[in-house]
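Q: sequence and predicted structure, then a few things I'm wondering about:
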Amino acid sequence: MRTLLELGNKTIPILPISSKGQPDFLFDVTISSFPTIIEDLMDKKWTKDPRTRLTANISGDLSPPILNDIGLFAKRSATLIRYELYLDGEPFWSDGSDGLLIATPTGSTAYSMSVGGPVVLNTAAVFAIVPVNSVNPSRHPIIVPEGTEVEIRHLSKSVPTEIVLDGQIRTRVDGSPVVIQKSDDDAIFVKFDEEKVAALRGKLMKKAEITEDLVHDLPPSAKLVLKMLEYQGQLTHKQIIEETMLPPRTVRYALSLLLSEGLIKKRVSLRDGRQALYAMINIIAENEDNKDAK
């Protein structure tokens, strides 16, 4: 995510490589399998996989292209924001919620999915608009054509509000309308043929399927915490709160559920014995395997 933001409008092909030893939606290649695909890369035995991105106009400044999602949240956690949503210049709804997400098909399997958004196939020319914990039970995620101009107006001025770009960049919103639309520049990923991908994934996919079965019945907050640990590795309780923007009590409850299900493990930080570190079980197991190998 950080690399794509730094590249901005450049459409240089990207090959994501997972450092966690497990394939994911964008990571067919892992550190351990990377040597097996170097020859294919050199011989150009791959194709381009374009991914739609978003841009946001915030107080007259245009954001870099965003691959996953653009989120609107109060700067202070557990605080409602109020706003009006316009689609192509027409009012659609007024709402009060913990936040609002606009997600691409690629981003539909990230934060959006964790808060109840739909999974969207990458080939679909649409975006998902997902209210986060709306006070109005009739507010459900909606799907709009990718050419739709999404505008957020009349933001509540009672609390500072931020736009979060792909979870990497936070920008203060001054109350001016925020306009979100499809970027002219797609992200381009390196794509191998299905046979090569199947060979790269192998047994690792089975591990992913087992994990998916275990997390199916967890509440959205626990799924979000688990996803964050999957992306970030080991995190303290404070870091999880900062990354997820969930209330401390919600994070504590989510961690207790994940610990009881055996999906994560708690360790004492070697740097600070007063703090605990949380990590996914498979990440811990992989780190220990790497130590044994060395």
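A: Yep, that arrived.

Q: residues touching Trp93, list them.
A: When contacts are counted by C-beta atoms under 8 Å, 6 or more residues apart in numbering, Trp93 is found next to 84-85, 139. All C-beta spots, glycine's among them, are computed from the backbone N, C-alpha and C.

Q: please name the nearest non-neighbouring residue to the residue sitting nearest the centre point of the chain.
A: The chain has Ala110 as the residue nearest its centroid, 3.6 Å off, counting by C-alpha atoms, centre = their mean. Distances taken as C-beta to C-beta, 6 or more residues apart in numbering put Asn68 closest to Ala110, at 5.0 Å, once the chain neighbours are dropped.

Q: any idea how the chain splits into domains?
A: In the domain annotation for the chain, the residue ranges read 6-50+187-191, 54-182, 217-293 (automatic domain parsing).

Q: work out for me the element Arg249 sits within.
A: Using DSSP states H and E, Arg249 maps to helix 248-260.

Q: distance between the helix or strand following that helix and the chain's centre?
A: Once helix 248-260 ends, the next helix or strand along the chain (criterion: DSSP H and E) is strand 264-268. Centre-to-centre, strand 264-268 and its host chain are 23 Å apart (C-alpha atoms, centre = their mean, to the nearest Å).

Q: please renumber so the chain begins at 21
A: Okay, residue one is now 21; in that scheme the one you just asked about reads as strand 284-288.

Q: give me the contacts around strand 284-288.
A: By C-beta under 8 Å, 6+ apart, strand 284-288 touches 246, 249, 254, 275, 278-279, 295-301, 304.

Q: and if you look at stretch 156-164?
A: Contacts of stretch 156-164 (C-beta under 8 Å, 6+ apart): 107, 113, 115-117, 132, 136-138, 140, 146-151, 170.

Q: same check on stretch 95-104?
A: Contacts for stretch 95-104 (C-beta under 8 Å, 6+ apart): 92-94, 111, 113-120, 155, 172-176, 179-182, 192, 261, 265-267.

Q: buried members of the residues you listed into ChimeraX, please.
A: Per 16 or more other C-beta atoms under 10 Å, the buried members of the contacts of stretch 95-104 correspond to this ChimeraX selection:
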select :92,93,94,113,115,117,118,119,120,172,175,181,182,261,265,266
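
Q: filter the contacts of stretch 95-104 down to the ones in strands?
A: If you go by DSSP state E, those have 92-94, 111, 113-117, 119-120, 172-173, 181-182, 192 in strands.

Q: and the closest residue to Ala145 other than its chain neighbours, how far from Leu255?
A: Nearest non-adjacent residue to Ala145, counting by C-beta to C-beta, 6+ apart: Glu166, 4.7 Å away. Going from Glu166 to Leu255 by C-beta to C-beta, to the nearest Å gives 34 Å.

Q: look at the two and report which has more neighbours.
A: Using other C-beta atoms under 10 Å, the more surrounded residue of Glu166 and Leu255 is Leu255, with 20 against 15.
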